[in-house]
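S.K.: I'd like to go over a predicted model; first the sequence, then the structure.
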Amino acid sequence: MIDAYEDPGVPDRRGGARYLWWLVRKQAGRSALGSLISCVWMVLLAATPYMLSRAIDEGLLPGDHRALVGWSVALFGVGAFNAWLSVMRHRTMTRVRMDANFRTVKVVMAHAVRLGAALPRRVGAGEVVTIGVGDVNTISSSLTVIGPGAGALAAYLVVAGLLFSVSVPIATVVLLGMPLMAVLVGPLLRRLQGTEAEYRERQGVLTARIADLASGLRVLNGLGGKGLVADAFHRDSQRLRAQGYRVGSVTSWLQALGVGLPTLFLAVVTWLAARLAAQGAITVGELVSVYGYVTVLVRPVSYFVDWGYEVSRGVVAARRVIRFLDLEPLPDHGTRDAPAEPSALHDPESGVRVLPGRLTALAGDRPADAALIVDRLGRYMPTAATWGGIPLDEIPLARVRERVLVADHEADLFAGRLRELLGGRTEPSDAEIAEAVRAAVADDIVQGLPDGLDSAIDAQGRNLSGGQRQRVRLARALLADAEILLAVEPTSALDAHTEARVAQRLRTAREGRTTVVTTTSPLVLDHADTVVYLTEGKTAATGTHRELLATEPGYRALVARDAGEEGDEETRASAVVVAKPGAGARSKTGVEARAKAESGVDARVGATTAKAEAEECVEASAGTHELAAEETVR
C-alpha cells in the first residue's frame, strides 16, 4: 500500500477510464496477485461440481466405497484451501482499494496545495468536499472488481470447457448467455453514467450550501433571512432528490438484473440438462455436475453485472477528479526584477493608481469590483497591472508574494495556539505580537482567552465571534509587515466604536508604507490619504474623503445612504463622518450582499461580508453606537 510520504505519481488525465487504469498500473503486482488468487478461487469453485459428479459416478453408483471416500476427502481439501484463498483474495483486494483511495487523496491534496490561493477562485468548497468524501471512495471501490472480474472470466471459460465434455448444446447455451446479458445490461450502464454525473454535480452545489448554512445560521436568524435561504435550499434539495430517484431507478434495474438474469440462466440450463438426462444423453452424475456448474456460474454472472455497475460509477467519479486536476494555477513566467524602491501600483483596467507610502481606500458601489482590483494588484488573477512601470506578470510570482500581501477578511484561520496563528511561518517576539495586536484593537481578545496568546483557537476561529476573527486576521496581516498591504474590507464585521479605533491605529501602524483598503465606511475613509471612488469597476473620482463628500453626490450617497437628506454640505459632511450606527453606514450590508450575489464574482465579498457584519451588528447594543458617535466627535 502507498506510503504516507511516497510520491503518488503523475496521473493519466486523458479520461476517467484511463485514470482508473493508471491506479491499477501503479499497483500492478498487487492487482495481478488479486486477479490470480480470484481466478484460482473461482476455478476451484467450478471444480467442486466436477469432483461431486466423479464421486457419484465412480463411487456412489457402483458401490465403490474407496473411490467415494477418496473423492470426499478431495472435496474437503479443495473446500478448505478455497476458504483460505477467499480470505487472501479479500485481503489483497482491500489493499488495492486502500491504495487507490490514498493515492487519489494525495493527488488531489497535492494539486490543491499547488493551486494555492487560486483554489477558492477556481472551484467551490462543495465541489472539493464532494470529491474528497464521495468520489474518492467511489473510485477506490470500483477497483475491487479487478480480482472478482478476472476470476469470473476464468471460471466462465473453465465451466464452458467442462460442459463441452458433457454436452455440446449445453455448452453452447452457456457461451451465448453471457453476450446476451451484456447486450441487456449495456444500455443501463450508459444511462447510469449520465444520471450519476448530473447527480454528483447537484450534490456538490448542495454541499457548499449546507456548509454556508452551518456557519451562518445564527446570522440568518438575526437578519430575518432564514426563511428565504431555507426555501432556496428546499428547492435545490428537491431537485437533488429527484435526480437521486433517477439514479436509484437505473441502479435498481441493474441490481435486479444482477440477481434475476443468473437465476433465469440457471433455470434454462438446468431444464435443458434435465431433458438430456431423461433422454439418456447424459448420466445422473453429469446432470448433477451440470447443475453444480451452472450454480457456480451464478456468481460470475452477478460479478459481471456488478463489475459494469461499479466501473461505470468509478469512471464518472474519476472524470470529476480529472476536471479538478486540470485546473491550473496562475502562470508564472516572470523573469524581470521587482522595483528596488517603493513604487506605485497601477491597474489600467480600472484606472486605480496606488502611490507608495500612502494609505489608499477603494470605495465602490459594488464591493466585488473593489475586491477584483485588489486581486489584480496582488496578482491573484491574470492582470495587466504594473508595479513601478513593470508589468506584474513579468515579475516572478515568488518576488511579488514576498513584498505584496493581500489580506482577505475571510482568510482561513487554522487550528492551533493564537501565537502560532498570528506568527504564521515566522516566530515573532512577544513585543512584536503585542504591537500588532494593539494596532488591530485585539487586546481584549488576548486578555479574554484563558491562556492569552497560548490559548487554543478552533479551525476557522469558530470559538471567536465574527468581529474577533476579523481583528485576528488584521493583526496577522500587520505582523507580516509587508511592504505593500492590500486589505479587503478589514473592518466590515466591527461595531462603530471598535472600527473607529482600528482605522486610527491602522494608519499609525502602516505610516510610510503602501496600504490599500476596500471599504465604504466613513470612519475608515476619513483616515485615508487618498480615496478612489469606483463606479462600475472604474475610477470615477479621486481625492480625500471630505473632498469627495463635497464634490461627488454619488460618493456621498454611497457612504451615507442619505442622498435625499436636506441640509447644507457642512451639516451633511459632519453626519457622514460620524455615520455608523443602525441604518447609517452599516445599511450598506444588504446592498453589498445583493450586489455580490448579482455579480457572481469572488465569493469572498458580499454574502460573507454581510454575514460577518450582521453577526456583530445584531450583537451590538444602542449604547455601543452612542459611545462610538461620541468618541468619533472627540
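M.R.: Yep, that arrived.
S.K.: show the subsequent helix or strand relative to the strand or helix carrying residue 249.
M.R.: Using DSSP states H and E, residue 249 maps to helix 226-278. Scanning forward in sequence from helix 226-278 by DSSP H and E, the next helix or strand is helix 284-325.
S.K.: quick one: distance of that following helix to the chain centre.
M.R.: Computed by Cα atoms, centre = their mean, to the nearest Å, the chain-centroid distance of helix 284-325 equals 31 Å.
S.K.: just checking: what are the partner strands of the helix or strand just after it?
M.R.: Per DSSP H and E, the first helix or strand lying C-terminal to helix 284-325 is strand 345-347. Strand 345-347 pairs in its sheet with strand 352-354 (antiparallel), strand 386-387 (antiparallel), by DSSP bridges.
S.K.: what is the orientation angle of the helix holding residue 249 with helix 284-325?
M.R.: 150 degrees (axes from the mean of the first three to the mean of the last three Cα atoms, to 10 degrees).
S.K.: quick revisit: turn the strands paired with strand 345-347 into TSV, columns for mean pLDDT.
M.R.: TSV is the format used below for the strands paired with strand 345-347 (pLDDT from 0 to 100):
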stretch	mean pLDDT
strand 352-354	95
strand 386-387	95
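S.K.: what about the helix or strand that contains residue 547, distance to the chain center?
M.R.: Assigned by DSSP H and E, residue 547 belongs to helix 545-551. Using Cα atoms, centre = their mean, the mean C-alpha position of helix 545-551 is found 45 Å from that of the whole chain.
S.K.: what residues of it count as buried?
M.R.: 545, 548-549 (16 or more other Cβ atoms under 10 Å). All C-beta atoms are positioned from the backbone trio N, CA, C, and that covers glycine.
S.K.: which helices and strands does the helix or strand just after that helix pack with?
M.R.: Using DSSP H and E, the helix or strand that follows helix 545-551 in sequence is helix 553-560. Judged by 3 or more Cβ pairs under 8 Å, 6 or more residues apart in numbering; DSSP states H and E, helix 553-560 is in contact with strand 359-364, helix 522-525, strand 530-535, strand 538-543, helix 545-551, helix 569-578.
S.K.: low-confidence ranges in the stretch 451-600 of the chain?
M.R.: The model of the stretch 451-600 of the chain has pLDDT under 70 over residues 561-600.
S.K.: hang on, residue 466 packs against residue 495?
M.R.: No: look at residue 466 against residue 495 with Cβ atoms under 8 Å: they stay out of range, at 10.7 Å.
S.K.: ok, these two, which is more surrounded?
M.R.: Counting neighbours by other Cβ atoms under 10 Å for residue 466 and for residue 495 shows that residue 466 has the greater number, 25 against 22.
S.K.: gap between the more buried one and residue 440?
M.R.: 14 Å (Cβ to Cβ, to the nearest Å).
S.K.: mind giving me the domain split of the protein?
M.R.: Here the chain is described, according to automatic domain parsing, as comprising the domains 16-325, 345-411+481-633.
S.K.: just to revisit the earlier point, I'd like the strands paired with strand 345-347 as CSV, with distance to residue 242 and mean neighbour count appended.
M.R.: Listed next are the strands paired with strand 345-347 as CSV, based on distance: least, Cβ to Cβ, whole Å; neighbours: other Cβ atoms under 10 Å:
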stretch, distance to residue 242, mean neighbour count
strand 352-354, 47, 21
strand 386-387, 51, 22
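S.K.: and of those, who's closest to residue 511?
M.R.: Of all these, strand 352-354 sits nearest to residue 511, with 16.0 Å by Cβ to Cβ.
S.K.: distance between the closest one and the chain's centre?
M.R.: For strand 352-354, the distance to the chain centre is 35 Å (Cα atoms, centre = their mean).
S.K.: which residues touch it?
M.R.: Strand 352-354 is contacted from outside by 344-347, 360, 362, 373, 377, 484, 514, 516, 532, 534, 539, using Cβ atoms under 8 Å, 6 or more residues apart in numbering.
S.K.: hmm, try it at 10 Å
M.R.: With Cβ atoms under 10 Å, 6 or more residues apart in numbering as the test, strand 352-354 has contacts from 343-347, 360, 362, 370, 373-374, 376-377, 385-387, 484, 486, 514-516, 530, 532, 534, 537-539, 542.
S.K.: could you do stretch 187-196 as well?
M.R.: Identification of contacts with stretch 187-196 by Cβ under 10 Å, 6+ apart yields 16, 138, 182, 243-251, 253-254, 257, 305, 308-309, 311-313, 315-317, 319.
S.K.: what subset of those residues is buried?
M.R.: Neighbour-count burial (16+ other Cβ under 10 Å) applied to the contacts of stretch 187-196 gives 16, 138, 243-244, 246-247, 250-251, 254, 257, 305, 308-309, 311-313, 315-317, 319.
S.K.: tell me which element the residue most central in space within the chain is part of?
M.R.: In the chain, the centroid-proximal residue (Cα atoms, centre = their mean) is residue 128; its distance is 0.9 Å. If you go by DSSP H and E, residue 128 is part of helix 125-130.
S.K.: in PDB, list the C-alpha atoms belonging to the helix or strand following that helix.
M.R.: Remark: after helix 125-130, the chain's next helix or strand is helix 136-142, criterion DSSP H and E. Taking Å, rounded to 0.1, in the frame of the first residue of the first chain, the C-alpha atoms of helix 136-142 are listed here in PDB:
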ATOM      1  CA  VAL A 136     -12.500   9.100  -3.800                       C
ATOM      2  CA  ASN A 137     -14.500   6.300  -2.200                       C
ATOM      3  CA  THR A 138     -16.300   5.500  -5.400                       C
ATOM      4  CA  ILE A 139     -13.100   5.300  -7.400                       C
ATOM      5  CA  SER A 140     -11.400   3.100  -4.900                       C
ATOM      6  CA  SER A 141     -14.400   0.800  -4.600                       C
ATOM      7  CA  SER A 142     -14.500   0.400  -8.400                       C
END
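S.K.: residues of helix 136-142 that come out buried?
M.R.: Applying 16+ other Cβ under 10 Å to helix 136-142 flags 136, 138-142 as buried.
S.K.: now do it: which elements does it pack against?
M.R.: Judged by 3 or more Cβ pairs under 10 Å, 6 or more residues apart in numbering; DSSP states H and E, the packing partners of helix 136-142 are helix 16-25, helix 65-115, helix 284-325.
S.K.: any idea of the mean pLDDT for the last one?
M.R.: Confidence over helix 284-325 (mean pLDDT, whole number) is 79.
S.K.: check contacts around residue 504.
M.R.: Here residue 504 is in contact with 439, 441, 523-524, 526-527, 632 (Cβ under 10 Å, 6+ apart).
S.K.: could you say which helix or strand holds it?
M.R.: Counting by DSSP H and E, the element that carries residue 504 is helix 496-509.
S.K.: show me the shaky parts of the stretch 151-300 of the chain.
M.R.: 178, 182, 186, 189-190, 193, 197, 200, 204-205, 208-226, 258.
S.K.: picking that back up, buried subset of the contacts of strand 352-354, written for PyMOL?
M.R.: Buried members of these, defined by 16+ other Cβ under 10 Å, are picked up in PyMOL with:
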select buried, resi 343+344+345+346+347+360+362+370+373+374+376+377+385+386+387+484+486+514+515+516+530+532+534+537+539
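S.K.: any idea which element residue 349 lies in?
M.R.: In the assignment (DSSP H and E), residue 349 maps to no helix and no strand.
S.K.: nearest spatial neighbour of it, skipping sequence neighbours?
M.R.: residue 384 (6.2 Å; Cβ to Cβ, 6 or more residues apart in numbering).
S.K.: tell me how far that neighbour lies from residue 339.
M.R.: Residue 384 sits 17 Å away from residue 339, going by Cβ to Cβ.
S.K.: between these two, who's got more neighbours?
M.R.: Taking other Cβ under 10 Å, residue 384 and residue 339 do not tie; residue 339 has more neighbours (17 against 12).
S.K.: now stretch 322-336 - C-alpha only, CSV.
M.R.: Below are the C-alpha coordinates for stretch 322-336, written out as CSV (Å, rounded to 0.1, in the frame of the first residue of the first chain):
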residue,chain,number,x,y,z
ILE,A,322,-9.6,14.8,-13.6
ARG,A,323,-11.6,18.0,-14.1
PHE,A,324,-10.2,19.2,-10.7
LEU,A,325,-6.7,18.2,-11.7
ASP,A,326,-7.0,20.1,-15.0
LEU,A,327,-7.3,23.3,-13.1
GLU,A,328,-4.0,25.2,-13.4
PRO,A,329,-2.5,27.8,-11.1
LEU,A,330,-1.7,31.2,-12.4
PRO,A,331,1.2,31.0,-14.9
ASP,A,332,4.5,32.2,-13.6
HIS,A,333,6.9,33.1,-16.4
GLY,A,334,8.3,36.3,-14.9
THR,A,335,11.9,37.0,-15.3
ARG,A,336,12.2,40.7,-14.5
